[in-house]
Each structure stands twice: as structure tokens, then as C-alpha cells.
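# please find the sequence and the predicted model below.
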Protein chains: 2
Amino acid sequence: MVSDKREVSDFLNLLSAAGITDVVLSPGSRNAPFSISLHGHPRFRVIPVPDERTAGFIALGRAQQTGIPVVLVCTSGTALLNYGPAVAEAFYQRVPLIVASADRPAEWIDHGEGQSIRQSGVLANITRGWADLPESRGAEPQRSANRTAMRRLITLAMGPVPGPVHLNFPLDEPLYRMEEEDQQPGEPYGPVRLPTLHLEACRSDLHQARKVLILAGQLPPDDRLTEALNAFAEDTGAAVMSESHSNLSGPYVLSTIDRLISGWSEETRQRYAPDVLITFGHNIISRRVKSWLRASGCAHWRVDEGGVAEDTYRKLKGVLACTPLEWLRAMDGAAQPSLYARALQEENNRVREAARHWITQAPYSDLTAMDVLLRSIPGGWDFQMGNSSVVRYIQLFETRPDIRYYGNRGVSGIDGVTSTAVGAASVSGRPTLLVTGDIAFLYDSNAFWSELRPHNLRIVVINNRGGGIFRIIDGPSTSAALAPYFETTHERSAGEVAGMYRLPFRQVADGAGLRAGLDWLYNREECSVLEICTPREENDRILKDYFRELKKYQP
Amino acid sequence: MVSDKREVSDFLNLLSAAGITDVVLSPGSRNAPFSISLHGHPRFRVIPVPDERTAGFIALGRAQQTGIPVVLVCTSGTALLNYGPAVAEAFYQRVPLIVASADRPAEWIDHGEGQSIRQSGVLANITRGWADLPESRGAEPQRSANRTAMRRLITLAMGPVPGPVHLNFPLDEPLYRMEEEDQQPGEPYGPVRLPTLHLEACRSDLHQARKVLILAGQLPPDDRLTEALNAFAEDTGAAVMSESHSNLSGPYVLSTIDRLISGWSEETRQRYAPDVLITFGHNIISRRVKSWLRASGCAHWRVDEGGVAEDTYRKLKGVLACTPLEWLRAMDGAAQPSLYARALQEENNRVREAARHWITQAPYSDLTAMDVLLRSIPGGWDFQMGNSSVVRYIQLFETRPDIRYYGNRGVSGIDGVTSTAVGAASVSGRPTLLVTGDIAFLYDSNAFWSELRPHNLRIVVINNRGGGIFRIIDGPSTSAALAPYFETTHERSAGEVAGMYRLPFRQVADGAGLRAGLDWLYNREECSVLEICTPREENDRILKDYFRELKKYQP
């Protein structure tokens, strides 16, 4: 038996035909037709999550892992607005989500009904598309029009630029009537791809350039891309820079941008400024590399399967609507061999040695704890990176080829970091380490308020007692208003949240404790939390000393 | 010293001139110019709250108490979206909020910058108005245009229909530069009022009607209105129905609508159906009264200072743009004396006696606990009502004239109930009791993550182990899918959240314990939590027995 609401049945059938089976549902009343139809449905896996903000991020984490859209179902009113943060993150991280909100019929909005807001288009700014699907009660042409709109949006969520879409279902009472399942099948979906655009202009630029820089942003792990990129760099002398969430490594990949360029003089910045810049992937973390490239005179070619003209460096010459791998193949033989990359490699080697030497002697702090932590992660694990200072520290260390890096860098919010990791680990099945900050962990404390408690998830909370980010980026640290408007200082512990959900918990506060704590964490067989306390007042001084030290090794 | 951002200075000066001093600020970087200028500012009281969702509701609670807009300041990205739930609630509850979001300059949106989303108009559906305020750097005519837009929005927030507005401040780097304070004063604001519309048609309807029903929704406490309304009812025989959050009482006010009408036969419903319906106030809770009036043939006159044509009952004849008090004065002598109200009074007396008798003998449950609880509240206290089943139980008992009722009934979400009470108590200074449900209390567990811990706030959590609402409204209780898609069942306790914030806590689970627990709670001198556990499986059965009993006393 399923709900007698035809739009709900049609929607579920279309999802099914598209191979979409994963539903995160938040309890409510107006969305009863969804609950009724999904209850015991053989083709869907339904996870109930009470807090819609958390639900959104859990869905994000799951879709991030599978690449297949996850459906979010909520009731009317503020429920939908609580999806906002995760939907925005998915929009910029290009993760497919299908938001299905129950609503009152339009004629009841703004007429004093409870749990009624103007849901139509309320997520328009942060979705790839949206539609209202007024009840047809089976009558044509409304029913067909609704199916057409649903098909358009489900397809849109999947690509060529994946992302969130919003389907708003105004549902009239009675909400609880059922009927035999309507087995009308949905149409199958084929992959959608844009044609590859002309690549000749880019080839020509590469051919004339002496300094070619490839800068990779956030990308899913891809062995074939890693291999092809290293081969291309070897053949041509193009330099490759990446960040941890690029999931790239190999002899030709410079994955510690900030460490390499932080000490550069103006002359060095100019010497290494590329003639041609190639970018792919999304959401570059390093502020330094952005400001360096913006000040350069390079020609920027953007490689983006979706053909979106993102002009991050204000040097955009053109967009190539293909995958990075397709681009590499198309450019085969285009670039001339040069010594540019080798010079950068040598710089990098020198700075790496200096950094390693300095860190082994540095006092216990965020920086040294991150060093130990990153080397401790067992090979083969997934690594979910928290935002704010955590992800910035991670960029100071080489990307490891044997772990997979993820992070909410689409909008870089702290609001759903834990929920995203819970969602991701619950679907990947792989051992997963989340490293997050104290504020983010406290903020998203509802992340465990569902049936999901992935036994394969381990959590490290770096507790520097609040807002360390504002001590390491320029600006706030010079301001008298520092506390409390920038830093969220506190004396709280991640143990409070762990205790509430009965997650095994340990706290460490020095180097010896850290190693023992990590051993404990990796040997647990259930979701567990290790809190690493670091000295708030000293972290930023030590980081500044570190950068000052690196400066000495600059040419 | 203040930020050198002219739009920030102009904004603060205009707020100041309008008498607005209350700011709830969530830490961030892009909003640094606000933090710098507000730091130590003599004319503003700034409360830092890390979780923006909570911050929004705390601001709502404060503005609800003062009637003066509260300013919300956040950084760019998902921060702003976290205000969504509170802004929607404020929109429909008509509470003035001024949202000031920091943003990147428009040319950087959708170009791979972090913490950047399309903030322009992202709250358009749920605000009275919004504007982008691009940086003028002091240059005309941009600076004047921005001031004009700010003035329009600040005025709009204050009335005639108060509500939230959104000012989006794109701010370019550097963000941390300061200058001497710019003392350019803002213009003073005068009150804004719509002219009272023609009242003759309404007078004429009243004159011809035999059955006049006045139905009051959510209203702030107002002794003059209470007095005038009772006098009008005495003179004319008009019946008056209200709900707890109408804050109305007196001999002529029927404040327990559901108890009165739940047992009515179809014939009784028709007998008492009004000829003329007058409504004022907002957000009627009773579903029964709505369905009764929608099925009637009444002429509905809406009294709304803001002149908004809300047609809740689909019987709207006209809107009168005046206050309830002005309407009562204008209608003086218009209605003919009738016996309508007296007949309803007699019904009500009979049902009240039956209900009282039955409850004193009923087993311990949500219903009997609410009876004891409502009678226990000390006179003079403020009463913040939670949503969902809590507020519905409260409607079964007479409105007390000696306490002030509040509740988030604009959108009726559970997401910010605790935060709203924290905000309200922190500014009213009056002793305040919040009664909320277990799910809402767990959902909004970040409510205490700020410096605000009002010593005058006491909290009661009715823990029926989840989702009791879905057992008492029709529909879900008949559905096989009941758990877990409707009910959020759990074995958790409010003590987990209380423990995390070190709030004194007690738990009771029977009638004797309840009385002792309430004594304990009222005699505390700091913010404290009493959890009242009730039997989940029995609550709904007892409530149904109660309504069945009342049916016997119907004519």
C-alpha cells in the first residue's frame, strides 16, 4: 500500500528508474504521504533524522561518497529552511541532493495557517533548479506537467554540473489515505554530457608558454587522473600544484602550496608567476595562491566538465567543457619541455627539509599535533577534514597517496562537518577519520541524533578552546575587538557531546598523550572520539615562528 | 575608533537614531567591520552567540519582549542561511528583526571563493524587504543611495506590520582598517500608521446579525484591550473566543475552544455558527475552530492594523486597518443585544465542570501533568509555550489572567523554542517559565551556547519519549508507518543537555514527584530544568478518553 497522492507515487517511481534509492527523512505530519509510501518500500533505504539541519549534512555526506543523489524529505515550515546550510554546501561542492518538501496548497500560504511559509523558490539562490508540483489527483494535463518537471529536476541534480534541486509538494488533506501501489514505471535516464569545446586555442597557448602551471582544486580520488597528470608533467615540464582535497600525489605534484610560497619575496613571486594557468577541480583553500595568481599576468584556462566560467583569478581566457583526463589527452604533445617545474621542485625540497627539521624541535601545539596526527592515519582510510583552522593546518603537509581526502569546501561552513562525516561513513563502509575543531564539533552536536552511529568512524577534535582561525589569518589578530566577536572562546570539551551520545571518549593534552590517544582511537571498534587539547595562546605564535623559519630558506 | 567601512558606520548611526541598541552577533571574519565598530560602542549592547540558528531565535525572543528591532550580525556563507528558521518565525509572528549579513563583493560570488553564496535576496520569501548595500567608500551618489535603502528597511521592520528585514553588506578587503568615529547623525524616525479604513459596512453587518463571534489569535498582553473587550461583550451579547497566547481573560472570554467544541454534533455546530465573525491577532492554534468556521456561512471582518487580507476561513468580507481597541471604540453601540454568548457560556460551564471532575480522577499522563503544571505557575510570571503537543494541551485549560503567554506560533517550528525563551528572559527580567517538549529541547540544544543564562528562566521539559503530537492529531495514529517516520522516539533525557551546560536538573515521573519537582523549580535562583516524564503509550489513550467523556455533556 502507498499514499494515494499521485505526485508522491510518480516522484518515487521516477527516482527508482533513475537508480536513486537513498532517502533521509525528517519526521513530520504534512509529509505523511511520503512516510506512508516509503514505509517498507523495497526499493528505498530510509534514514530518519529529527534535526533537519543535521539531516541535510548527513545526506550530503552520503551523496558525496556515492555520486548518486540522496533524497531529503521534510515537512512544511521552518523544516525546509534548516536544509539551507547543507544545500548551499552541496551547490558549491557539486554534490547531488534532491530536496522534497511537503507544503500546504498555495492558496493557504499567508492566511494564518500554522507551519506555512512561502516555500516556493525559497532555496532558489542555492539550488540548480526548483519547482512547485501542485496536486493533480491524477487529472491531465497537470499530472504530466508535474512528471515533466520532476524528470527535469532529477536529471539536473545528476549533472553535467551535479548539485541540489528542490521539489515542493503542496499536499492537501486528507494526508493519510492509501491505495494499491501504482506501478507505472519511470523512464530510464541516460548520462548527460556537454560536447567538448574547441581546444585549439588552449593548445596554442601551451605551445608558446615557458611556464605552465596546473592548479588542481577539490576532486574525488582518481588513480587514472593521478597517473596521467604525472606523465604529462614529466613530458612537458609543466608544474602541478594541488591541495589535500585534490586527492593528487606523485613525484610531480606540489601539494603543500602555502608552505612553498609563504616566504616568497616579490621578485620570487614574479619569477615563478605562470604564463599559462590551467585549473580544474573546485574551491581552492590557499588564500596565498589566489593572491599570487591574481597579481600575475597569466592566461587562465579553466577545465570544467560543466562548462561554468568561474573566474577565480580574474585572468580567465576560456573554459573547456571536458574532464581533466580528457583535457590531458587532448593536450598530449602540446606543451614544450621546460625547466620551470624542476626549479619549483627544488625550492620545495629545500623548504620541506627545513620545515621537517624545525617541526621536530617545535613545542607541542596545533602544528606539531597535526604533524603527528597526519602521519598516524592508517593507509586506506578516508579522511574527512573539518573547516576553519583544521583544514589550513592540513595544507602544510604533503598529501598522502594512500588516504582519500574530503571536506565541506563548497561554502566552507562549520555547521555540518560532523553530520557530513556521519553520512559519508555510514554509506562508504570504509574506515573514516574525521578531524574537526572544537567549535564545529559543539555546533553540530545533533549529528548523532539518528540511528546512524557508523562503527567505522573515528573522530578527532582539536580543542584549542575556540576560534583559532582568527589568530592565524591576517587582520583579526591585530584588532582590539579580537575576543569575543571573532574568537568563540570557551572552556568546554568535546567530551560533553560524546557523553551525551555515549561515544567512547578520551582527552589528551601533550605529545606523549597524543600518541597513546591515537593508538587507542584506531584500535576501537566503534565510533569514538579523541580530543586533542592544544595551547590556545601559543598556537599562533608557534605557527608564525614556523613561517618565519621557512622564509630563511627562500632564494 | 570604528571601522573605515562607511556603510557600516551609516548603518549603526541610523540604528542609533531609531532607538535600536540590541545586537546579537555571531563570530566571523567577513563581518569584522561590524565587530570592530561595535566593540565597546557606548550605544549598543552586543551579545555574541556562536550558532547562528540559535542566535536568530535569541534575537527573536528579545524583540518579542521589547517590540524594538534586534539586529543580527553574521559573516558570509551558510551563516546567513542558519537564520532562516528564526526569520520565518519572526515574519509570521510579526516580530521586528534586522538581519545584517556580511558578504563578498558581488563580483566574487560564484567564482570559487570560499564562504560565498548568492546572499542577495536569499531570504526574500521570509522578510518584509531586503537590499544589497555595495560599498561606496564615501563616494556619492552610492553612499546616499545606501542610506536611503537602510532607512527604508529599518522603518519597514518597525511597522505598520513589524517583521524581519535583510541588509546584505558586500565588504571588500582590507576588513580591519579603522578611523575616528564618523558622528554624522541619522535622521529620527516617527511612528508610521495606516489610516483607518471605512468601518460603516462592518457596523451595518453587526447591526443586522444575531450571532456575532469575536475570535482572537496571538496578541501581546494588553489590559485596556481585555477590559474594553469584556465591556463590549457585556453590552452586545457578542461571544468572544480566544486562545492562551491571546492573553485575554475575563467573564466574557471563552479561552478553551477545543474543550468546548470538540464534542459538538453537526447540529450544534450549525446552531452556534456565527453570522458575523470578527478576528484580530494572529496564528490560531485550534484546528477544530478553523474547520468549524470554514464550514459556516459567516461574514468575516478582519481587524488588522497592517491591513493585510489574511483569509484564514475563506469567508473574508473586508479588512479594517486599525487596532482591536480602535475597532471596539468604532463599533460602540453597533451590535444588538442577543443571547448567543450566554448560551455558549452555559455550555462552557457544563463542559468545564465535567472536565475538571474527570481530570481529578484520571491516571497520571501528559494531560494531568499539564493540569497540575498550569495551576502551579506563580502569578506575575511570563509563560513561554513550546510547540507541538505542549501548546495543544495548554489550550484545554482556561487562560490565566495573571500570567503572560508567549509562543513561536508564527510558523510553529520546534527548532528555536528554547533559544527564544533564553532571548526573551534575558531582556524582560521577569520570572519566566518555559514549558517545552523533549524533541524540541534536544533539537535546540545549542540555546545555552552564549553568555546568556538568564537566572530568571525556569524550564520544564515534558518528556513523553518523542513525537506525542502524532498520536493526538488525526491521521498518523491510524497509519502503519507511525514509527519511526512520524514519531521521533528515543530513550534520551533532557538531563543530557542540562548536564552539558551545568544547569541544575531534576527528573520526575509521577504525580507526587511532579509537585515536589515544581516546588524545587520555582524556588531555584538560577536557570534550572525540570523534566516531567509521562507514559508515551498511554498519553494518547487518556486524551481520547477525555474527549469521549466531554461528548456526553453536549446538548
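That came through, no problem. Please read all numbers here as calculations on a predicted model, not as lab measurements.
# neighbours of A:Asp235, how many?
By other CB atoms under 10 Å in any protein chain shown, 12 other residues sit near A:Asp235. (Glycine included, C-beta is placed from N, CA and C.)
# that should have said A:Thr489, apologies.
When neighbours are defined as other CB under 10 Å, A:Thr489 has 17 of them.
# now do the closest residue to it other than its chain neighbours against B:Thr78, distance only.
Counting by CB to CB, 6 or more residues apart in numbering or on different chains, A:Thr489 lies nearest to A:Gly466, which is 4.1 Å off, once chain neighbours are set aside. The spacing between A:Gly466 and B:Thr78, counted by CB to CB, to the nearest Å, is 19 Å.
# looking at the two, which is more packed in?
Ranked by neighbour count (other CB under 10 Å), A:Gly466 and B:Thr78 place B:Thr78 first, with 28 against 24.
# got a list of what that one touches?
When contacts are counted by CB atoms under 8 Å, 6 or more residues apart in numbering or on different chains, B:Thr78 touches A:84-85, A:88-89, A:411, A:413, A:415, B:115, B:117.
# list just the nearest of those residues to A:Glu347.
B:Gln115 (30.5 Å; CB to CB).
# now do the residue nearest to that closest one when sequence neighbours are not counted: how many residues are near it, please.
Closest residue to B:Gln115 apart from its sequence neighbours, by CB to CB, 6+ apart: B:Gly77 at 3.5 Å. By other CB under 10 Å, the residues close to B:Gly77 number 30.
# so in chain A, where's the weakest helix or strand by average pLDDT?
Ranked by mean pLDDT, DSSP states H and E, the weakest helix or strand in chain A is helix A:469-472, scoring a mean of 62.
# stretch A:397-416 and chain B in contact?
Yes: with CB under 8 Å from any CB of the partner chain as the measure, stretch A:397-416 is seen reaching chain B through A:409, A:411-413, A:415.
# buried by neighbour count: which residues of that stretch qualify?
Neighbour-count burial for stretch A:397-416, counted by 16 or more other CB atoms under 10 Å in any protein chain shown, picks out A:397, A:399-401, A:403-416.
# cool, stretch A:363-375 as well?
Using 16+ other CB under 10 Å as the test for burial, stretch A:363-375 gives A:364-371, A:373-374.
# would you list those in CSV and tack on pLDDT and secondary structure?
CSV is the format used below for the buried residues of stretch A:363-375 (pLDDT from 0 to 100; DSSP: H, G, I helix; E, B strand; the rest coil):
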residue, pLDDT, secondary structure
A:Tyr364, 97, coil
A:Ser365, 96, coil
A:Asp366, 96, helix
A:Leu367, 96, helix
A:Thr368, 97, helix
A:Ala369, 97, helix
A:Met370, 97, helix
A:Asp371, 97, helix
A:Leu373, 98, helix
A:Leu374, 98, helix
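# ok, so of the residues you listed, who is nearest B:His41?
Checking these against B:His41 by CB to CB gives A:Asp366 as the nearest, at 32.3 Å.
# surely the closest one meets A:Ile394?
No: using CB atoms under 8 Å, A:Asp366 is not in contact with A:Ile394, being 11.0 Å away.
# what about stretch A:160-171, start to end distance?
End-to-end distance of stretch A:160-171 (CA to CA, to the nearest Å): 31 Å.
# repeat for stretch A:522-532
Taking CA to CA, the first and last residues of stretch A:522-532 lie 15 Å apart.
# try stretch A:252-270
The first residue of stretch A:252-270 is 21 Å away from its last residue (CA to CA).
# buried sites along that stretch?
For stretch A:252-270, using 16+ other CB under 10 Å, the buried residues are A:252-264, A:269.
# of those residues, closest to B:Ser450?
Using CB to CB, A:Asp258 comes nearest to B:Ser450 of these, at 33.3 Å.
# what pLDDT, on average, does whichever strand or helix holds the closest one get?
Element membership for A:Asp258, per DSSP states H and E: helix A:257-261. Across helix A:257-261, pLDDT averages out at 96.
# repeat that for stretch A:18-36.
According to the model, stretch A:18-36 has a mean pLDDT of 92.
# do stretch A:513-532 as well
Stretch A:513-532 comes out at a mean pLDDT of 97.
# check whether that stretch comes into contact with chain B.
No: Stretch A:513-532 lies out of reach of chain B by CB under 8 Å from any CB, never closer than 14.2 Å.
# buried ones in that stretch?
Neighbour-count burial for stretch A:513-532 [16+ other CB under 10 Å]: A:513-514, A:517-518, A:521-522, A:527-532.
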